[in-house]
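A.B. asks: any chance you can model this:
(chains A, B, C and D)
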Amino acid sequence: MDNTIEKIVQVLQEKAGATFEEFRGEVHVFVNADKIVDSLTFLRDEHAFSLLSVLTAVDYWPQENPRFHVIYQLTSLTQNLSLQLRVPVNANQLKMPTATGVFEVANWREREVYDMFGIEFEGHPDPRRILMAEDWIGHPLRKDFPLGYEEPQFSFNFEEIDLRKPYVKE
Amino acid sequence: MPDYQLEEVAVGPYKHLVSERAVSGETMLLNMGPQHPSTHGVLRLLLELDGETIVNCIPDIGYLHTGVEKNMEAKTYLKAEVMCDRLDYMNPLGNNLAYSMAVEKLVDLDVPPRAQALRVILVELQRIASHLVWLGAFGLDLAAMSLFLYCFREREVILDIFELVSGQRMMTTYIRPGGLWRDVPVEFESAVRHFLKIYPARIDEYEALMSKNPVLQDRIVGIGKMSAQDALSYGVTGPMLRASGVDWDLRKARPYMGYEQYEFNVPTRKEGDTYARYIVRIEEMRESLKIIEQAMNKLPMGPVNSDNRKFVPPPRSEIGTSMESLIHHFKLWTEGFPAPKASIYSAVESPRGELGVYLEGDGGPKPYRVHWRTPSFNNLSVISLITKGHLVADLIGILASVDIVLGDIDR
Amino acid sequence: MMLEYIAIAVMIAVATLIAAIAIGLGELLGPKKKSKVKDEPYESGIAPIGPGTRRMPVRFYLVAVLFILFDIEVVFFLPWAVVFRQLGLFGLAEMSVFIVILLVGYIYAWKKGALEWE
Amino acid sequence: MGVEQKLGNMGIVTTTLENAVNWSRTNAMWPMLFGLACCAIEMMAAQASDYDMSRFGMELMRPSPRQSDLMIVAGRVSRKMAPVLRRLYDQMPEPKWVISMGDCASCGGVFNNYAIVQGVDEVVPVDVYVAGCPPRPEALIHGVLTLFEKVKGEKFVDLAKV
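C.D. replies: I've put the predicted structure just below:
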């Protein structure tokens, strides 16, 4: 972990009370939800992290709080650095402040996280589903959402699947 | 016109996006929908038109959502790689490389130098093939019908090389974690040399046909301007970002697979309009040729797969003789290899931009979470910004220059 | 004199005959199956929003009028071209006056910006 | 059909008429430009210079369903796309056929999950299934030729009932 990242992480620790861990040369900084927007603006303005390359979430299902981690992966083009911020979100309080004010890419990425995980982002200009149909029930990428696996039709089970298969009339 | 019908109809999910002139019926809401010749796949653009000029353009994606990220969580690391060919179907080998590098970074697996050089050659060939399909579709959208046929003629030569190497034209799954599926056949060298010999003349042919053509110049010069600041804020990467003046190419900034040995320059332009994006991609094809040339000259001999038997299945010849290889073979092909309980992010430069894989393992043989950071998703989100005030005919040119692939966007 | 007119009549008859056969066969042999969705306007696979006929911007009308104006001008050139030899200098002077008048109109429209789309 | 609904089966008259009509249909069947995913790229390759589907009467890929007789479902059909696919099929003029190109369209293929319709025959009646992921351009052309054999065998009577 080279020194510029180390300085940034120290500043984040005092300002946002963040903890951090490291794996394979990558730094993951844990920030809680209310501090995330100003740490993003701080990183973008002071430290030239001008590209938010990844905004996604991970579902640790059986573990209730924090059930989700929302991940912001920032890249700085000038210094060629990258830093990952992780925000733990509890299962009972799926609310997050929106980052569209800081990065425009957050607009679509947050809609995708809402569509796939059900985490609402307050203040989002267009809080609709992006990938699934408007009337889709449930959030597919949650661990408790079934994969929707249908038994494939081979020769030995051809007849009984043929009866169940919804062929179109005309 | 009965105003109430427009009022109630426009009130639908787009009410907060369209201007109030649409509700009063002055501007027209038109679907440039999933089935359209120039949306390069199933993308729906809801256009709010005032006569011919676009007041507002609302993209609606998801018509090709295949749930790949969910499906990969149900397969082992090796079987999940079959899914990633179908993501960005113009760049299957690039997807394989992105996924294989992510797995190699997660389990700390080494790749022998010969495999690295072959990976670079194949990925650059795939970049040229992807740019060829883009150039064909770009010409087709701007009514240059013959260019489409020329581009696909060259693409067939590249696809023959892929078929020679892996047996499949497009969905090869040839680049595996730890190296390649098997070594390239003997004829690979002459096939690539043949392509390198005929191709530069073909690019000049396209340039002669398209670049200096005044009809094309009028249609795409100064259309769809995008400033570098907007591009970075919208997360745009790849040729679109380089056409707006930002010199950011992952092959130069963070060299992987031995890219630092080859010198090539990264074409950038300042204007950021459709013509600049067109020129940047044409130059990129020439740079890729240089890389392939140097890589072919310095192709090292040696093994193609890493000899770390924990993750890479042993060659079949060894299975007959040594007991450990049989055990490794059996374990890897039935249950797969366990990965540490941690998460990594590794990115590759695909023909459309930064293609990143966020891979999280949970100690078991199946990936816990695979998120594909695909470039077309962000590149498309700029479309509503850069098409404001243009004519519908310009939108066709802009959308063709953004070079989106719907499998990449909807995953 | 009558001979040319017969040739024209034959040509018209053959043309209408071919058109009639093509449409008639299609009508006679083509299967017909009406359905509610089939009659709706096709808008890239999505149900259209709002009615199709609505108030059009005035620019379309302007371009249409200009086209008709200069199209009819070209129609007047055709008879002149047929008897170009016999008319000689007189025909040339006559037509150039006609062309100059329309050219003035064209330049006026151009300078007023009628040809610009915005 | 116009005349069949009235005439039904008149032996020699309708059989020669059938052969003439079927011959004219197979040699000028225009597919609809309906590319969904990876199979669409192989369909474009089949239409382009090397494999040239135009040799079999498929000269033009018409984007609008109004001017096309054949719908090649080239690619995976997602749940959100299924109603649009059904609407496009309904808006095609009457003598229409469907080729389901590739495994994803025929049976869901590699993607057995919530997002993909497991086989397009749940949405539109399919005439010819082409296997492959993606099928080679020759495989698609072979599928087209099998469809031509099927169209040549069609009788007016059963078309009138459908």
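A.B. asks: for chain B, what's the nearest residue on chain C?
C.D. replies: Residue nearest to chain B within chain C (Cβ to the nearest Cβ): residue C:44, separated by 2.9 Å. To be clear about C-beta, it is placed using only N, CA and C from the backbone, and glycine gets the same treatment.
A.B. asks: does that residue sit in a helix, a strand or a coil?
C.D. replies: Classification of residue C:44 by DSSP: H, G, I helix; E, B strand; the rest coil places it in coil.
A.B. asks: which non-adjacent residue is nearest it?
C.D. replies: residue B:33 (2.9 Å; Cβ to Cβ, 6 or more residues apart in numbering or on different chains).
A.B. asks: quick one: contacts for the one you found?
C.D. replies: Neighbour list for residue B:33: B:39, B:44, B:45, C:43, C:44, C:45, C:46, D:84 [criterion: Cβ atoms under 8 Å, 6 or more residues apart in numbering or on different chains].
A.B. asks: for stretch B:184-199, which outside residues touch it?
C.D. replies: B:118, B:121, B:125, B:128, B:154, B:157-158, B:160-161, B:164-165, B:289, B:292-293, B:296, B:299.
A.B. asks: repeat the analysis, applying 10 Å as the threshold.
C.D. replies: With contact meaning Cβ atoms under 10 Å, 6 or more residues apart in numbering or on different chains, stretch B:184-199 is reached by B:114, B:118, B:121-122, B:125, B:128, B:132, B:154, B:157-158, B:160-161, B:164-166, B:174, B:202, B:285-286, B:288-290, B:292-293, B:295-296, B:299, B:304.
A.B. asks: ok, now how distant is residue B:399 from chain A?
C.D. replies: 17 Å (Cβ to the nearest Cβ, to the nearest Å).
A.B. asks: hang on, isn't that residue packed against residue B:43?
C.D. replies: Yes. Applying Cβ atoms under 10 Å as the test, residue B:399 and residue B:43 come out as touching, 8.2 Å apart.
A.B. asks: overlap in contacts of these two?
C.D. replies: B:32, B:36, B:59, B:380, B:383.
A.B. asks: show me which of those residues is closest to chain C.
C.D. replies: Among the shared contacts of residue B:399 and residue B:43, and counting by Cβ to the nearest Cβ, the member closest to chain C is residue B:36, at 4.9 Å.
A.B. asks: so that closest one sits right up against residue B:45, yeah?
C.D. replies: Yes. Taking Cβ under 10 Å as the definition, residue B:36 is a contact partner of residue B:45 at 8.1 Å.
A.B. asks: what residues does the lowest-mean-pLDDT helix or strand in chain C touch?
C.D. replies: Across the helices and strands of chain C, mean confidence by mean pLDDT, DSSP states H and E is lowest for helix C:36-39: a mean of 84. Helix C:36-39 is contacted by residues C:47, D:65, D:66, D:86, D:87, D:88, D:89, D:90, D:91, D:92, D:93, D:94 when judged by Cβ under 10 Å, 6+ apart.
A.B. asks: now name the helix or strand holding residue 10.
C.D. replies: You didn't pick a chain, so chain A it is. Using DSSP states H and E, residue A:10 maps to helix A:3-16.
A.B. asks: other chain: chain C
C.D. replies: helix C:2-29.
A.B. asks: next one: that helix to chain centre, how far?
C.D. replies: When distances are taken as Cα atoms, centre = their mean, to the nearest Å, helix C:2-29 is centred 21 Å away from the chain's centroid.
A.B. asks: what do you get for stretch C:32-43?
C.D. replies: For stretch C:32-43 - counting by Cα atoms, centre = their mean - the centre lies 29 Å from the chain centre.
A.B. asks: send me it as CSV with only the CA atoms.
C.D. replies: The C-alpha coordinates for stretch C:32-43 follow below in CSV (Å, rounded to 0.1, in the frame of the first residue of the first chain):
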residue,chain,number,x,y,z
LYS,C,32,-56.5,-13.0,-44.7
LYS,C,33,-56.5,-13.0,-40.9
LYS,C,34,-57.5,-9.9,-39.1
SER,C,35,-56.5,-9.4,-35.4
LYS,C,36,-56.7,-6.4,-33.1
VAL,C,37,-53.0,-6.1,-32.6
LYS,C,38,-52.4,-6.4,-36.4
ASP,C,39,-54.4,-3.2,-37.0
GLU,C,40,-52.5,-1.2,-34.4
PRO,C,41,-49.8,1.1,-35.8
TYR,C,42,-46.3,-0.5,-35.7
GLU,C,43,-44.0,1.4,-33.4
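A.B. asks: for it, buried residues please.
C.D. replies: C:38, C:42, C:43 (16 or more other Cβ atoms under 10 Å in any protein chain shown).
A.B. asks: just stretch A:145-164 next, same as before
C.D. replies: A:145, A:148, A:150, A:153.
A.B. asks: how close does the last one sit to residue A:168?
C.D. replies: Here the criterion is Cβ to Cβ, to the nearest Å. By it, residue A:153 lies 16 Å from residue A:168.
A.B. asks: pick the one among the contacts of helix C:36-39 closest to residue A:126.
C.D. replies: Set against residue A:126, the nearest of those by Cβ to Cβ is residue C:47 (21.6 Å).
A.B. asks: burial of the closest one, as a residue count?
C.D. replies: Residues within reach of residue C:47, counting by other Cβ atoms under 10 Å in any protein chain shown, total 14.
A.B. asks: same question for residue B:365.
C.D. replies: If we define neighbours as other Cβ under 10 Å, then residue B:365 has 19 of them.
A.B. asks: show me where the stretch 301-411 of chain B has its helices.
C.D. replies: Secondary structure of the stretch 301-411 of chain B (DSSP state H, counting those that start in this stretch): helices at B:316-321, B:323-334, B:375-381, B:383-386, B:392-402, B:406-410.
A.B. asks: quick one: list the elements packing against the fourth one.
C.D. replies: Which is helix B:383-386. Applying 3 or more Cβ pairs under 10 Å, 6 or more residues apart in numbering or on different chains; DSSP states H and E, one finds that helix B:383-386 contacts strand B:53-60, helix B:228-233, helix B:392-402.
A.B. asks: distance check, the residue nearest to residue D:108 when sequence neighbours are not counted against residue A:140.
C.D. replies: Spatial nearest neighbour of residue D:108, excluding adjacent residues (Cβ to Cβ, 6+ apart): residue D:118 at 3.7 Å. To residue A:140, residue D:118 is 16 Å away according to Cβ to Cβ.
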